[in-house]
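>>> Sharing a model prediction with you, sequence too.
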Protein chains: 2
Amino acid sequence: MREYYHSELDEVVNQLVTMSDSVQVAVRDATTALLDANLAAAEHVISGDVRIDAMHDQLETRCFTLLARQAPVAGELRIIVAAMQVIADLGRTGDLAAHIAETARRRYPEKAVPDVLVATFHRMSVVAEAMISKAGRTLAERDLEEAHTLPEDDEEMDNLRNEQFRMLASPNWKDSVEAAVDAALLGRYYERIADHAVAMGRRIIYIITGNSPEGEDWPTT
Amino acid sequence: MREYYHSELDEVVNQLVTMSDSVQVAVRDATTALLDANLAAAEHVISGDVRIDAMHDQLETRCFTLLARQAPVAGELRIIVAAMQVIADLGRTGDLAAHIAETARRRYPEKAVPDVLVATFHRMSVVAEAMISKAGRTLAERDLEEAHTLPEDDEEMDNLRNEQFRMLASPNWKDSVEAAVDAALLGRYYERIADHAVAMGRRIIYIITGNSPEGEDWPTT
């Protein structure tokens, strides 16, 4: 019975890795939608979020069943609770990808991002995707080395965002107020994706080692 | 032993109500900081967020101990898991109040909100506070009637936000791009506070009745 329990727990972890892959692809497609004014990509992300939400609900139920079916021992309990938090972070990241895609769709056929900000948004997207991928790989391969670099990535994201704020506040800003408003909110969505990746990293380190990394580099969400 | 368990669970619920009161006050003070350019209020909210985070950590640990100490039966288990989610929502709402206060502090001694948007932000704040209060009272008094009106409140919040977007995108916008960017982000913070209140309401209804309200009026977060 104990063995069955462990294989069920492993299965939850495998499904978390799959969910993480789907969310990473959603962020990538949302960025394509945004930077190329690609309506099909936008629609794909928006309709695909239902599938990510379904994975969320299904995995949450599965964890709950594991909690209820037999009293897990303390270590297992901590893993299940941490897994439930990772599920919430991934679900939320999927929502944020959908928000990015919705902005692209709303501004179509125009591009939502003015030329002057394309490079920073592109870099934000690369950083965000790499962070989700790191969190997912850490879980899949039980290799902690990469996860510990997540706070550095998050710092790069914060720097990119500050760079954008400087451009938006500059007297050289030539685009509309509406474009500035969209850019500020889009920057916020990418920043939150990075925050969720850091939170996931912290929880995954916990799942693997039984200890959470501490300190202000590792905020919860 | 069972009785002891229930009184522990009741104690968690009482502390959740206390945390909800603190978070509601933080949102109120943050709005004072914002609309009156009140630096003392801003500092108070920002430094007070540490206390809300400490309540979050303490309550989360307490729930975890309840889960681990003895195998809760299914009903109790569901209550504890829902309580942990409410704790996360309240912690996040406290962070959002701190973000609002940080914007007020950054723009001090100027007011961060242009005159034309003061009325909508004031109303957003009233709605947000009322929503947190409803969620808290529902939990304290086990009276569901009010909780079911949370989605309506959330709709008002969305309408206020759309009204702000119209003002920001209008050719009559006379304030700076920077002020528009701040306003868009501030609007987002209030909107998210409302989203968390709806999510809390849904979970509290679950804690009380054992059933979640369903449908698109009741998103998770």
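Great, that's in hand.

>>> And the pLDDT at residue A:68?
If you check residue A:68, the pLDDT there is 84.

>>> so how far is residue B:147 from it?
25 Å (C-beta to C-beta, to the nearest Å). Glycine gets a C-beta too; all of them are placed from N, C-alpha and C.

>>> can you check residue A:92 too?
Going from residue A:92 to residue B:147 by C-beta to C-beta gives 23 Å.

>>> can you check residue A:194 too?
Counting by C-beta to C-beta, the gap from residue A:194 to residue B:147 is 33 Å.

>>> Packing partners of the helix or strand harbouring residue A:7?
Using DSSP states H and E, residue A:7 sits within helix A:2-36. Counting by 3 or more C-beta pairs under 8 Å, 6 or more residues apart in numbering or on different chains; DSSP states H and E, the packing neighbours recorded for helix A:2-36 are helix A:39-69, helix A:74-107, helix A:115-141, helix A:177-209.

>>> The last one to helix B:177-209, inter-axis angle?
The reference is to helix A:177-209. Relative orientation of helix A:177-209 versus helix B:177-209 (axes from the mean of the first three to the mean of the last three C-alpha atoms, to 10 degrees): 50 degrees.

>>> Buried residues in helix A:177-209, which are they?
Taking 16 or more other C-beta atoms under 10 Å in any protein chain shown as the basis for neighbour counts, the residues of helix A:177-209 that come out buried are A:177-208.

>>> what about that helix, average pLDDT?
With pLDDT averaged residue by residue, helix A:177-209 scores 95.

>>> right, and the secondary structure at the closest residue to chain B within chain A would be what?
Using C-beta to the nearest C-beta, the single residue of chain A nearest to chain B is residue A:71, 3.5 Å away. Judged by DSSP: H, G, I helix; E, B strand; the rest coil, the three-state class of residue A:71 is coil.

>>> Do I have it right that it meets residue B:71?
Yes - using C-beta atoms under 8 Å as the test, residue A:71 is close enough to residue B:71 to be in contact (3.5 Å).

>>> before we move on, the earlier item: quick one, which of residue A:92 and residue B:147 is more surrounded?
Each of residue A:92 and residue B:147 has its neighbours counted (other C-beta atoms under 10 Å in any protein chain shown); residue B:147 has more, 23 against 20.

>>> Now do the contacts for the more buried one.
Contacts for residue B:147 (C-beta atoms under 8 Å, 6 or more residues apart in numbering or on different chains) come out as B:134-135, B:138, B:201, B:204-205.

>>> Taking their axis directions, the helix or strand bottoming out on mean pLDDT in chain A and helix A:115-141 sit at what angle?
For chain A, using mean pLDDT, DSSP states H and E, the weakest element among its helices and strands is helix A:2-36, scoring a mean of 91. Using the same axes, to 10 degrees, the direction of helix A:2-36 lies 170 degrees away from that of helix A:115-141.
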